[in-house]
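Student: Need coordinates for the following:
(chains A, B and C)
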Amino acid sequence: MPELAEVETVARGLRPLVGRRILGVRFGKTDFIADPRRLASLLPGTRLVTVSRRGKLLLIELEREAAAAKERGEGLWLLIHLGMTGQLVLREPSEPSAPHTHVWFSLDDGRELRYVDIRRFGRMRLATAEELAAIVAPLGADPLEVSEEEFRRRLGASRARVKSILLDQGVLRGLGNIYADESLWRARIHPLRRGAELSGEELARLWRAIRSVAREAIRLRGTSVSDYVDANGRPGSYQKRLRVYRRAGQPCKRCGRAIERIVVAGRGSHFCPQCQPAHRARANRRGAGKRKKPLGS
DNA sequence: AAGATTACCTGAAGGC
DNA sequence: TGCCTTCAGGTAATCT
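Tutor: Prediction:
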């Protein structure tokens, strides 16, 4: 699934396109595109200026031709979210299109950038600078840039299950189910624990675990367990490093106990019952619901 | 009103 | 063989 490491890898694969022009766009199904006619009218003739990533969101900055840019001085961004099964791949126009290809961008170097998405959970839209600011405003901290202090503050302020918190893009941007499970295993924290009940030591372990998992996943160009490939159609290799994700019933790499799978936040959650104990201490949570003081302030 | 659950979508896999 | 159900998880919408 495209999480931060996969989107980062796709962004890096597209970066050589900076300077290229989009000559035209063709569409298949468009129900995942905010305003396909706007793309059809504005994209042709634009030049790619930057390719970047914000969480799981891919940002392609475009520059209009001098004449068109005059009417509105501001920039234009093509925003693409890959959802679950979205792929952006560079192909020669002569190559047959994969099933579920829904957008074809023709480029001035003769190639095509194709958007493929089996389930169409992805999203695509154009945005002005103002619209872009509003879209990224709700996103939380970057997992690789957040300080340990801010991380502890954000996680410790929530009574939700820690697994849910890690998946919340408003807290940390870019983590998905795979890296959330892998990070919790590394930090030896049970997915059902609540953010506010984690000790300072546990939060510190989790902060470090997320950083090392994210760095390693980017280095290995992402995880390919089902559909993910990069801009050149190549899979990543972090799947070889997975310790718990989709390993239910198999032995823990640390202690040998069978990995278990439960559902948290509607997601399959994999953990080691030995390494990741469900309770910090002898928790008698009777009366815990009476707490009324919100933490902080 | 934060936190939990469900809907969207298609293909793979398992049951009978 | 083939039909049916379940599962996979990105976010948005809906519930409690």
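
Student: domains of chain A?
Tutor: Split into domains by automatic domain parsing, chain A comes to A:4-136, A:148-290.

Student: is any part of the last one close to DNA strand B?
Tutor: Yes: Domain A:148-290 lies within reach of DNA strand B by CB under 7 Å from any atom of the strand, at A:S158, A:R159, A:A160, A:R161, A:S164, A:A265, A:G266. (Glycine included, C-beta is placed from N, CA and C.)

Student: do the shortest one as well
Tutor: Yes: using CB under 7 Å from any atom of the strand, a contact is recorded between domain A:4-136 and DNA strand B, made by A:D31, A:M84, A:P99, A:H100, A:I118, A:R119, A:R120, A:F121.

Student: ok, the closest residue to the first one other than its chain neighbours to DNA strand C distance?
Tutor: Excluding its sequence neighbours, the residue lying closest to A:D31 (CB to CB, 6 or more residues apart in numbering) is A:R120, at 6.6 Å. Noted for A:R120: a distance of 8 Å to DNA strand C, by CB to the nearest atom of the strand, to the nearest Å.

Student: same thing with A:R152?
Tutor: Counting by CB to the nearest atom of the strand - A:R152 and DNA strand C are separated by 22 Å.

Student: And for A:R153?
Tutor: 22 Å.

Student: does that residue sit in a helix, a strand or a coil?
Tutor: helix (DSSP: H, G, I helix; E, B strand; the rest coil).

Student: Could you spell out the sheet neighbours of the helix or strand where A:L79 lies, each with its direction?
Tutor: Element membership for A:L79 (DSSP states H and E) is strand A:76-81. Sheet pairing of strand A:76-81 (DSSP bridges) gives strand A:57-63 (antiparallel), strand A:123-128 (antiparallel).

Student: how much distance is there from the last one to the middle of the chain?
Tutor: The one in question is strand A:123-128. Relative to its chain's centre, strand A:123-128 lies at 17 Å (CA atoms, centre = their mean, to the nearest Å).

Student: thinking again about what came up before, pipe the strands paired with strand A:76-81 into a markdown table and attach mean pLDDT and mean neighbour count per row.
Tutor: Shown next, in a markdown table, are the strands paired with strand A:76-81 (pLDDT from 0 to 100; neighbours: other CB atoms under 10 Å):
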| stretch | mean pLDDT | mean neighbour count |
| --- | --- | --- |
| strand A:57-63 | 96 | 20 |
| strand A:123-128 | 96 | 18 |
